[in-house]
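Visitor: Here is a sequence together with a model predicted from it:
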Amino acid sequence: MSEWISEPLGNLADFQKGKKVETSPFSLAGYDRYLGAGSLAGGHDGYASTFRSVQATENDVLMLWDGERSGLVDHNLRGVVSSTVSKLTPKSKICGHLLYYYLFLNFEWIQNRRTGTGVPHVPKDLARMLKLNFPANITLQKKIARILSTIDEAIEKTEELIGKYEQIKAGMMHDLFTRGLTPDGKLRPPRSEAPHLYHETPIGWIPKEWEFSVMRDKAAPGDHYLKSGPFGSELKGEHWVEDGHPAITIGALGEGFFILSELLHVGAYDAKRLSAFKLKLGDVVFSRVADVGRSAVIKDDQVGWIMSSNLMRISLDWKQVLPEFLQYQLSSDSRVKIQIRRKVNSSGREVANNETLNSIVFAWPTFEEQKAMLERADAVAGRIIQEWQYFHKLQKQKSGLLHDLLTGRVPVRVEDGEVADVG
């Protein structure tokens, strides 16, 4: 195994904080890409004058110095470094690409040591405080970086594919929720071409065959169709166990699916104590905080899972409204989403409750038309869910690889004469 050495960050890179410079949204003579917080998400923040500026070139590493994202980094960027970003120029002991991944691995460590009473920032003596244990062999460093960049490329391509399918889905869902389908499975003509096929409602024009009402009108008789998760004190950190009864937190709720790797678990005693919050087949699980409206439908193998305090359960009369159709309305019908956004922001707090959901008006196609619309939407939505699941799988793999490769837990061999091609 190659020799590993330990050095403080300051021995591995020179720090240079960005400066305040003239900026512009347009590319001008004497201006270059402006690298601020946006650069850490793969973009840039307009353009900036290169006069007396700090320039980032290939193989430099950028680290956001102020704010909640301090510690996030990116590499291989060229441009003018903003005053909220620091440039780390690697010395000969470590390649820039590997330094990027070491800072990524230590992100939480850096976050936990932020200082400052206003906008927090990473400690000024970070270069001394943070020590990195890394392979001395530069070729090995580059090979490790190449392995990690390969999975990053797969993650990026998957994100691009998701974005492509999301655009396709958005256009299709707009047509479905404004025009619907005729009995022969075709989209109705738009209202501009066939106004006699539509009628006006409080939420806009909808096909004449459709009803409109609040969800309460579609509830099963005698059933509490809305239910919030347990109070925070009933289900908190001390109740989680390594293996047990699945519990859905807001982190495990994707759009239309559950992120299995993010599920938490409770023991048998707590599962029994929280039995009132167990979910049934066809329940729609709804996020009532943060990204309000994110939702998914409980399937056969998820029956009995427990919802956490930040979630709600919606259970209508499924002889009138298909659960999956309601989930699509919550996630893709712009009229519903606009109402949710207005209601949850009216009090200044992004929190939904029973009153919020009871006040939202929905358009209801006939049961048969709901099934036809679902069949059309599922073809694209299924592919998006598949790609999202693959995306989360890749992220989990990356997390494991970061720990295994950057700590030497899993050795990487360099063959005689091997040359890595990353900086």
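Guide: In hand now; what should we look at?

Visitor: contacts and neighbour counts: CA atoms only from here.
Guide: Noted.

Visitor: Three-state assignment for Ser2, please.
Guide: coil (DSSP: H, G, I helix; E, B strand; the rest coil).

Visitor: The residue positioned nearest the centre of the chain and Val284: what is the separation?
Guide: In the chain, the centroid-proximal residue (Cα atoms, centre = their mean) is Gly254; its distance is 8.5 Å. According to Cα to Cα, to the nearest Å, Gly254 and Val284 sit 12 Å apart.

Visitor: which neighbours do those two share?
Guide: Ser295, Ala296 (Cα atoms under 8 Å, 6 or more residues apart in numbering).

Visitor: Return, as residue ranges, the portions of the stretch 251-400 of the chain with sub-threshold pLDDT.
Guide: 346-349 (pLDDT under 70).

Visitor: who does the helix ranked longest in the chain touch, helix- and strand-wise?
Guide: For the chain, the helix that runs over the most residues, judged by DSSP state H, is helix 138-179. For helix 138-179, the elements it packs on are helix 96-105, strand 204-207, helix 323-332, helix 367-406, judged by 3 or more Cα pairs under 8 Å, 6 or more residues apart in numbering; DSSP states H and E.

Visitor: and with 10 Å instead?
Guide: helix 96-105, strand 131-135, strand 204-207, helix 323-332, helix 334-345, strand 361-364, helix 367-406 (3 or more Cα pairs under 10 Å, 6 or more residues apart in numbering; DSSP states H and E).

Visitor: export the ones you listed to JSON lines and tack on distance to Tyr198?
Guide: Converted to JSON lines, the helices and strands packed on helix 138-179 look like this (distance: least, Cα to Cα, whole Å):
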{"stretch": "helix 96-105", "distance to Tyr198": "54"}
{"stretch": "strand 131-135", "distance to Tyr198": "66"}
{"stretch": "strand 204-207", "distance to Tyr198": "4"}
{"stretch": "helix 323-332", "distance to Tyr198": "19"}
{"stretch": "helix 334-345", "distance to Tyr198": "16"}
{"stretch": "strand 361-364", "distance to Tyr198": "12"}
{"stretch": "helix 367-406", "distance to Tyr198": "15"}
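
Visitor: Quick one: the ones you listed as CSV, columns for mean neighbour count and distance to Ala29 too.
Guide: Listed next are these as CSV, based on neighbours: other Cα atoms under 10 Å; distance: least, Cα to Cα, whole Å:
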stretch, mean neighbour count, distance to Ala29
helix 96-105, 22, 30
strand 131-135, 19, 41
strand 204-207, 18, 49
helix 323-332, 21, 44
helix 334-345, 17, 43
strand 361-364, 22, 53
helix 367-406, 16, 40
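
Visitor: what residues are up against Ile94?
Guide: Asn11, Leu12, Ala13, Phe134, Pro135, Ala136, Asn137, Ile138, Gln141, Lys142, Gly423 (Cα atoms under 10 Å, 6 or more residues apart in numbering).

Visitor: Is it located within a strand, as I assumed?
Guide: No. Going by three-state DSSP, the assignment for Ile94 is coil, not a strand.

Visitor: So for it, what's the pLDDT?
Guide: Model confidence at Ile94, expressed as pLDDT, equals 94.

Visitor: Now for Leu77, how many residues are close by?
Guide: The burial count assigned to Leu77 is 22, neighbours taken as other Cα atoms under 10 Å.

Visitor: Doesn't it lie inside a helix?
Guide: No. Read with three-state DSSP, Leu77 is coil and lies in no helix.

Visitor: buried stuff in the helix or strand where Glu108 lies?
Guide: Per DSSP states H and E: Glu108 is located in helix 107-111. By neighbour count with 16 or more other Cα atoms under 10 Å, helix 107-111 contains the buried residues Phe107, Ile110, Gln111.

Visitor: Out of those residues, flag the one nearest to Lys169.
Guide: When the buried residues of helix 107-111 are compared for distance to Lys169 (Cα to Cα), Phe107 wins out at 34.9 Å.

Visitor: The closest one and Gln339, how far apart?
Guide: 38 Å.

Visitor: again, but for Gly251
Guide: Distance from Gly251 to Gln339, by Cα to Cα: 24 Å.

Visitor: quick one: the closest residue to Val380 other than its chain neighbours and Asp378, what's the gap?
Guide: Spatial nearest neighbour of Val380, excluding adjacent residues (Cα to Cα, 6 or more residues apart in numbering): Lys169 at 6.3 Å. In this structure, Lys169 and Asp378 are 10 Å apart, going by Cα to Cα.

Visitor: Mutual contacts of the two, please.
Guide: Ile384.

Visitor: Quick check: Glu7 is in a helix.
Guide: No. Using three-state DSSP, the assignment for Glu7 is strand, not a helix.

Visitor: coming back round to it: Leu264: which of the helices and strands packed on helix 138-179 is closest?
Guide: When the helices and strands packed on helix 138-179 are ranked by proximity to Leu264 (Cα to Cα), helix 367-406 comes first, at 15.4 Å.

Visitor: on that earlier part again, rounded mean pLDDT for the helix holding Glu108, please.
Guide: Computed over helix 107-111, the average pLDDT equals 86.

Visitor: how far is the very next helix or strand once past that helix from where the chain is centred?
Guide: Counting by DSSP H and E, the element after helix 107-111 in chain order, helix or strand, is helix 126-129. Taking Cα atoms, centre = their mean, to the nearest Å, one finds the center of helix 126-129 at 31 Å from the center of the full chain.
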